[in-house]
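1. Pasted the sequence and its predicted model underneath.
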Amino acid sequence: MDGLKGSPSRAAFHHRSGSGDRLPQARIIVVGNEKGGAGKSTIAVHLATALMHEGARVAVVDLDVRQQSTGHFFANRRAWTQANGAVLPQPMLIAGDEGVGVDEALGCDADFLLMDTPGADTALSRAAHQAADLIVTPMNDSFVDFDMLGVVDPVSLTVLRPSLYAETVWEARKTRAAQRGRSIDWVVLRNRLASVEPRNRKRVDDRLAALARRAGFRAIAGLRDRVIYRELFPFGLTVNDLSTKVRPVQVSLAHVAARQELRVLMSDLGLIELAAVG
């Protein structure tokens with residue numbers, strides 16, 4: 001499908017009549033982590049484009065109002081496709097600022113609403129987390145990133161307790177359960193994994209498994225640190241967009257592996273099945 005064209009005005013949003021409250025029409029995916037540099041925007045744009053290629057209508061909100069990496073990606077996507085006469089699915093872009101915030105975005109006419117959040121604790125980010133059906137938290141293969149999820153003993157490396165961001169998600173899940181009677185699925189992605197298997201990865205793996213049982217998330221593999229992801233980003237493209245007519249970079253077998261890697265991620269998140277239903 002071609003997706004939704006153009007930037008929506010306030011008229012593009014609606015709410016169900018009768019209650020006077022805006023209720024979510026779309027399944028809400030929030031990509032969040034209070035640490036910057038974890039790959040949130042990379043994950044967000046890949047999930048959004050993969051869903052669109054599955055035939056889903058996708059709305060995107062970039063709540064990082066300062067950096068706007070996800071917003072810039074999709075602006076570049078529109079510019080590149082228009083300049084090259086390409087036909088690719090486009091999302092509905094929603095301004096994530098005071099003009100159109102989280103509450104107003106919840107009524108968007110789409111199958112999925114994807115919200116990319118800043119690497120900080122903000123009111124917009126908390127509101128997005130509380131509205132989520134699925135929270136996707138990318139983290140690098142490092143105790144630097146793990147520190148936002150759990151506190152470890154500096155001598156034994158035993159997990160002592162959940163940390164700042166885990167507490168934020170815990171509060172969001174309690175609020176969501178109280179308001180709507182169902183909890184939030186929380187998934188932590190081991191993102192940007194290197195091709196080698198260092199000793200540090202085993203240490204992080206073990207602590208992550210222990211914390212998952214306490215904090216209530218599931219940990220899965222994310223996207224490896226591949227050159228192709230960085231090469232395509234400035235064009236507003238992902239590996240799912242590549243074809244004989246869409247090929248701004250040289251294609252290799254590594255790109256086939258990257259496409260399969262994204263397919264596995266979508267399946268592990270349960271999004272392929274949901275997109276088909278939607």
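-> Looks like it came in fine.

2. any low-confidence regions in the protein?
-> For the chain, the stretches flagged by pLDDT under 70 are 1-24, 96-101, 192-198, 274-278.

3. Which stretches in it count as helices?
-> For the chain, helices defined by DSSP state H occupy the ranges 40-53, 69-84, 102-105, 123-131, 143-146, 164-180, 199-215, 227-232, 253-268, 271-277.

4. For Ile228, grab the count of nearby residues.
-> 20 (other Cβ atoms under 10 Å). The way it works is simple: take the backbone N, C-alpha and C, and place the C-beta from them, glycine included.

5. Could you look over the helices of the chain and pick the most buried one?
-> Highest mean neighbour count of the helices of the chain: helix 40-53, a mean of 25 (counted as mean count of other Cβ atoms under 10 Å).

6. Show me what that one is packed against.
-> Contacting helix 40-53 under the criterion 3 or more Cβ pairs under 8 Å, 6 or more residues apart in numbering; DSSP states H and E are the following elements: strand 27-31, strand 58-62, helix 69-84, strand 112-116, strand 134-139, helix 253-268, helix 271-277.

7. Alpha carbons only: can I get the fourth one in CSV?
-> These are the backbone C-alpha positions of strand 112-116, laid out as CSV (Å, rounded to 0.1, in the frame of the first residue of the first chain):
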residue,chain,number,x,y,z
PHE,A,112,-0.2,1.3,14.4
LEU,A,113,0.9,4.5,16.2
LEU,A,114,4.7,4.4,16.7
MET,A,115,6.2,6.9,19.2
ASP,A,116,10.0,7.6,19.3
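
8. Please name the residues that touch Gly37.
-> Counting by Cβ atoms under 8 Å, 6 or more residues apart in numbering, Gly37 touches 119, 140.

9. Let me know the distance separating it from Pro118.
-> From Gly37 over to Pro118 the distance is 12 Å, taken as Cβ to Cβ, to the nearest Å.

10. With Arg77 instead?
-> For Arg77, the distance to Pro118 - Cβ to Cβ - is 21 Å.

11. re the thing from before, show me the one of the helices of the chain that comes nearest Val61.
-> The closest of the helices of the chain to Val61 is helix 102-105. By Cβ to Cβ, the value is 5.1 Å.

12. which helices and strands sit right next to the closest one?
-> Packing contacts for helix 102-105, counted by 3+ Cβ pairs under 8 Å, 6+ apart, involve strand 58-62, strand 112-116, helix 123-131.

13. Out of the ones you listed, which is closest to Leu164?
-> Comparing these against Leu164 with Cβ to Cβ, the closest turns out to be helix 123-131 (12.3 Å).

14. neighbouring contacts of that closest one?
-> Residues from elsewhere that reach helix 123-131 (Cβ under 8 Å, 6+ apart): 24, 28, 30, 32, 34, 61, 63, 65, 96, 101-103, 106, 115, 117-118, 135, 168-169, 172, 175-176, 179, 184.

15. Just the angle for it relative to strand 58-62, thanks.
-> Angle, helix 123-131 to strand 58-62, by axes from the mean of the first three to the mean of the last three Cα atoms, to 10 degrees: 140 degrees.

16. With just CA atoms, put helix 123-131 into PDB.
-> Presented in PDB, the C-alpha positions along helix 123-131 are these (Å, rounded to 0.1, in the frame of the first residue of the first chain):
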ATOM      1  CA  ALA A 123       6.400  14.600  30.500                       C
ATOM      2  CA  LEU A 124       5.800  13.700  26.900                       C
ATOM      3  CA  SER A 125       7.800  10.500  27.200                       C
ATOM      4  CA  ARG A 126       6.000   9.400  30.400                       C
ATOM      5  CA  ALA A 127       2.600  10.000  28.700                       C
ATOM      6  CA  ALA A 128       3.700   7.900  25.800                       C
ATOM      7  CA  HIS A 129       4.800   5.100  28.000                       C
ATOM      8  CA  GLN A 130       1.600   5.100  29.900                       C
ATOM      9  CA  ALA A 131      -0.400   4.800  26.600                       C
END
